[in-house]
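1. Okay, here's the prediction I keep looking at, along with the sequence it came from:
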Amino acid sequence: MTQDTEKQEFNITVYTENQIGLLNRIAIIFTRRKINIDSLNTSPSEIESIHRFNIVINESEDVVRKLTRQIEKQVEVLKCYYHTNEDVIWQEMALYKVSTDVIAEKVSVERLLRENGARVVVLRKDYTVFETTGHREETDNLISILQPYGLIEFVRSARVAIIKDSDGFNRKLREFERLEPGEDVIENEYLNQGQKVFTM
Amino acid sequence: MEAIQEVLTETKAADAIVEVSGSVALLEALIVEGVDTIFGYPGGAIMPIYDALFDYNDKLNHILVRHEQGGIHAGQGYARTSGKVGVVFATSGPGATNLVTGLADAQIDSTPLVCITGQVFAHLLGTDAFQETDVINITTPVTKWNYQVTDANEIPEVIAKAFYIAKSGRPGPVLIDITKNAQIQLFNYKGYTPCNHIRSYRPKPIVRPQYIQEAAALINEAKKPFILFGQGVILGSAEQEFKAFVEKSGIPAAWTVLGAGAIPTDHPLNVGMLGMHGNYGPNVLTNECDVLIAIGMRFDDRVTGRLDKYAKQAKVIHLDIDPAEIDKNVKSTVPVWGDCKETLPLLTALVEAKQHTEWLAKFNEYTRQEVEQVIEPELNPTSAEMTMGEVIKQLNEITKGEAVIVTDVGQHQMVACRYAKLNKTRSNVTSGGLGTMGFALPAAIGAKFGAQDRTVVAIIGDGGFQMTCQELGTIMQCGIDVKIIILNNRFLGMVRQWQELFNSRRYSFVDIQSPDFVALAAAYRIPGKCIDDRKDLPSALNEMLSNKGSFLLEVMVTKENNVFPMVPQGCSVSEIRLK
């Protein structure tokens, strides 16, 4: 019982239709309870009309279980799962912008980046952009190392996670889409057509 | 005007193309869905729809309200008594935002509604145009589903989805925001097909027999079983199935405020009301039963009191259509997820026919105590001034339990729900989960439209009446017959009671002054009467009920009376107070 009420990091995976406004519907389920969303990623799944959300929060399992049910209640949500960090494989990407002079001069920096598995994305005369992919601790570590060498800008992406025990997911999703194809999203086509309409 | 549907069926053979505007498509959709009454208020952004509505006078009855909040509460009242989906029209901007209270009320009380709001032209969205508000984002938390239509082609499918979502599974309010260009735009209309399936939405599951078997086994072994039932029985139209279950199993059953009337008040196994102001027996014996069977109720905090001291000794069987409600507040031993209209007969078949005479006698013993200490003084007072309870008692004697009782919010609501005699289902219309003051007057209008052959009596407090009294104008204009009783105690009674019991009688801003209600009604050409003497009560009630048309009866009741029993906030149901 105490384990149920202890807070830990949970990865919530939501499969939804690709509808406008659904992001808000899901987000308010957390904000309503004043729960901070540590990370939120939303992108198309392997199927065009089905979207996948990855949400990371720090809460107890009891609360997360209830949240999952509330999320599934939404009309355009297909399914919602929750897992601890042990049950998923996850990555976060980070980009670092450093002055090229620093990299050119300080050999140790170059070795440092090699050791941390950073790749060069762009190499310009005045700046270089590196990229790393990994866990939070690794990216945090690299920031603190690069800081004294003049880190110009840094950005971290949201977390994407794959569930370890997800055998058959892709097959089920494709079958689901095949049996009943999703509908196209209708967006506002009129935003730039004001001059054609008489308004009152 | 010939219905477009008929034109279509005629021309289908000729394979002709019918071009209609978005507004006409909307109205045609409403007709196919069986809508006959719309509560609404026009405005700039919804004008094309109202223009189309002008030609549908014979098919769609539009009631012009005086405030959009009145419109949506009327839609709720209509849905509650008729079982159909209530339809509300409002314009953009302030019209739409005035609906929010009603949407929140419908959402928490699971009332099926479809609200159509006008919106500015699609190319003006996001420009702070005149009467433009972000309705979709404002109403997202308080609707089951909402959608903004920017192109007329979307309308038939979206309306079909809206009605399906509103009335299926656990019902709820749906809001469709239609931009003005979509209302005006002409498109190829291919007819309207109601929706009965959405791939991502599962309103009710296939029932798993093993859970029914586990539940039946528990019930058959139980020595002190107890049934708690709520609005789910009424929403699922499962009153017959429920009655059969109760009678076969012989289990005493108690109701939540919204479940009142699902079985008749006088039924021998109906042991009373649950909750903060419920009856003595049901509250105390919740913590003594061994099997608790919850049907169509969600263990609201007003019903449970302290959750850590609620029915901890009992095995809980929870029958509900909404899986998110099961295990939300109270941990269940056997969750029976499903539509109770389907699950109850399956359960009835497996339970043994029994009588729990000794256990039922315990309820009766508590009832006896409650009658002596609380009910008798309330219904037959010896004081000079009238009590709210005696008005309800007198009303029962005249209506004989056949009327629809619509209540507002507060002390009078608790008194009316406790003491009103209800013989039939869909007789109790009140704002339960949200407790919206001002609900009763417009809801009574809608309730009467939803149940034209029944007497509708609205019981309202002096505070709540003043919140939506402008709807007297609606009554005046549409000529609907609604009986209004104002129980005037010159206070915001419920808050005053709490201030008396918990804040050492520091009456902070609860003494409310009211106008001359009878004169106000007369200004709206509604007859009325005010009484403050007990001996005038029967004749005044008779005059009200026999009047052809609406009537307002103001009854001056005692100023500082408290509603008991009461489970104070934060206390367990066992700690219910009789005084």
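-> Yep, it's here. Numbering: from 1, shown residues only, chains lettered A, B, ... in the order given.

2. can we go C-alpha only for contacts and neighbour counts from here?
-> Will do.

3. What's the first helix or strand after the longest helix anywhere in chain A?
-> Looking across chain A with DSSP state H, the single longest helix is helix A:61-73. Downstream of helix A:61-73, the first helix or strand assigned by DSSP states H and E is strand A:77-84.

4. in that following strand, what counts as buried?
-> A:Val77, A:Leu78, A:Lys79, A:Cys80, A:Tyr81, A:Tyr82, A:His83 (16 or more other Cα atoms under 10 Å in any protein chain shown).

5. What are the phi and psi values at residue 148?
-> Here I'm looking at chain A. When read as degrees, to the nearest 10, the backbone of A:Pro148 gives phi -60, psi -20.

6. try chain B instead
-> When read as degrees, to the nearest 10, the backbone of B:Gln148 gives phi -110, psi 130.

7. quick revisit: what are the buried residues along the longest helix of chain A?
-> With the criterion 16+ other Cα under 10 Å, helix A:61-73 contains buried residues A:Glu61, A:Val64, A:Arg65, A:Lys66, A:Leu67, A:Thr68, A:Arg69, A:Gln70, A:Ile71, A:Glu72, A:Lys73.

8. tell me which of these is nearest to chain B?
-> Chain B lies nearest to A:Arg69 out of the buried residues of helix A:61-73, by Cα to the nearest Cα, at 5.1 Å.

9. how much space between the closest one and B:Gly93?
-> As judged by Cα to Cα, to the nearest Å, A:Arg69 and B:Gly93 stand 33 Å apart.

10. cool, and B:Ala540?
-> Noted for B:Ala540: a distance of 44 Å to B:Gly93, by Cα to Cα.

11. which one of these two has more residues nearby?
-> In this view B:Ala540 and B:Gly93 are compared by other Cα atoms under 10 Å in any protein chain shown, and B:Gly93 has more residues nearby, 22 against 18.

12. Can you pull the phi and psi angles for the more buried one?
-> Dihedral angles (degrees, to the nearest 10) for B:Gly93: phi 60, psi -120.

13. Could you double-check that it lies in contact with B:Ile136?
-> No - contact criterion Cα atoms under 8 Å: B:Gly93 and B:Ile136 do not qualify, at 11.4 Å.

14. Nearest residue to the residue of chain A found nearest chain B in space, please, no chain neighbours.
-> At 4.1 Å from chain B, A:Leu191 is the closest residue in chain A, using Cα to the nearest Cα. Excluding its sequence neighbours, the residue lying closest to A:Leu191 (Cα to Cα, 6 or more residues apart in numbering or on different chains) is B:His123, at 4.1 Å.

15. what's around the one you found, how many residues?
-> By other Cα under 10 Å, 20 other residues sit near B:His123.

16. now do the one 3 residues further on
-> Look at B:Gly126: counted by other Cα under 10 Å, it has 12 neighbours.

17. And it, which helix or strand is it part of?
-> B:Gly126 belongs to no helix or strand, assigned by DSSP H and E.

18. quick one: it and B:Asn423, what's the gap?
-> Computed with Cα to Cα, the distance linking B:Gly126 and B:Asn423 is 52 Å.

19. Quick check: residues of the stretch 151-300 of chain B near chain A?
-> Applying Cα under 8 Å from any Cα of the partner chain, we find that the stretch 151-300 of chain B lies next to chain A at B:Arg199, B:Ser200, B:Tyr201.

20. Now tell me which helix or strand of chain A has the poorest mean pLDDT.
-> Lowest on mean pLDDT, DSSP states H and E among the helices and strands of chain A sits helix A:2-5, with a mean of 69.

21. A:Val122: what's its closest spatial neighbour, skipping adjacent residues?
-> Leaving aside its chain neighbours, A:Val122 sits nearest to A:Val129 (5.2 Å; criterion: Cα to Cα, 6+ apart).

22. is chain B contacted by the longest helix of chain A?
-> Yes - counting by Cα under 8 Å from any Cα, chain B is contacted by helix A:61-73 at A:Lys66, A:Arg69, A:Gln70, A:Lys73.

23. burial count for the closest residue to the last one other than its chain neighbours?
-> I take that to be A:Lys73. Nearest residue to A:Lys73, sequence neighbours excluded (Cα to Cα, 6+ apart): B:Ala324, at 7.2 Å. Residues lying near B:Ala324 (other Cα under 10 Å) number 19.

24. sorry, back to before: quick check: the farthest pair among the buried residues of helix A:61-73?
-> A:Glu61 and A:Lys73 (18.5 Å; Cα to Cα).

25. mind listing the strands for the stretch 351-500 of chain B?
-> For the stretch 351-500 of chain B, applying DSSP state E, counting those that start in this stretch gives strands covering B:404-407, B:428-429, B:456-461, B:483-488.

26. Make TSV from these and add distance to chain A, mean pLDDT and mean neighbour count to it.
-> Conversion of the strands of the stretch 351-500 of chain B to TSV gives the following (distance: least, Cα to the nearest Cα, whole Å; pLDDT from 0 to 100; neighbours: other Cα atoms under 10 Å in any protein chain shown):
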stretch	distance to chain A	mean pLDDT	mean neighbour count
strand B:404-407	30	98	28
strand B:428-429	26	98	28
strand B:456-461	32	98	28
strand B:483-488	37	98	25
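
27. Now distance to chain B and pLDDT too, for the buried residues of strand A:77-84, in JSON lines please.
-> Formatted as JSON lines, these follow (distance: Cα to the nearest Cα, whole Å; pLDDT from 0 to 100):
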{"residue": "A:Val77", "distance to chain B": "6", "pLDDT": "96"}
{"residue": "A:Leu78", "distance to chain B": "5", "pLDDT": "94"}
{"residue": "A:Lys79", "distance to chain B": "8", "pLDDT": "93"}
{"residue": "A:Cys80", "distance to chain B": "12", "pLDDT": "95"}
{"residue": "A:Tyr81", "distance to chain B": "14", "pLDDT": "95"}
{"residue": "A:Tyr82", "distance to chain B": "15", "pLDDT": "96"}
{"residue": "A:His83", "distance to chain B": "19", "pLDDT": "96"}
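
28. can I get the residues you listed in JSON lines with distance to B:Pro335?
-> What follows is these, written out as JSON lines (distance: Cα to Cα, whole Å):
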{"residue": "A:Val77", "distance to B:Pro335": "23"}
{"residue": "A:Leu78", "distance to B:Pro335": "22"}
{"residue": "A:Lys79", "distance to B:Pro335": "20"}
{"residue": "A:Cys80", "distance to B:Pro335": "20"}
{"residue": "A:Tyr81", "distance to B:Pro335": "20"}
{"residue": "A:Tyr82", "distance to B:Pro335": "21"}
{"residue": "A:His83", "distance to B:Pro335": "23"}
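
29. can I assume B:Gly432 is in contact with B:Thr256?
-> No - contact criterion Cα under 8 Å: B:Gly432 and B:Thr256 do not qualify, at 9.3 Å.

30. Pick out whichever of these two has more residues nearby.
-> Neighbour count, other Cα under 10 Å: between B:Gly432 and B:Thr256, B:Thr256 has more, with 24 against 20.

31. Just confirm that one contacts B:Gly230, I think it does.
-> Yes - counting by Cα under 8 Å, B:Thr256 does reach B:Gly230; the two are 5.2 Å apart.

32. what sits in contact with each of the two?
-> B:Met297 (Cα atoms under 8 Å, 6 or more residues apart in numbering or on different chains).

33. Skipping adjacent residues, who's closest to the spatially most central residue of chain A in space?
-> Chain A has A:Asn41 as the residue nearest its centroid, 2.6 Å off, counting by Cα atoms, centre = their mean. Counting by Cα to Cα, 6+ apart, A:Asn41 lies nearest to A:Asn54, which is 5.0 Å off, once chain neighbours are set aside.
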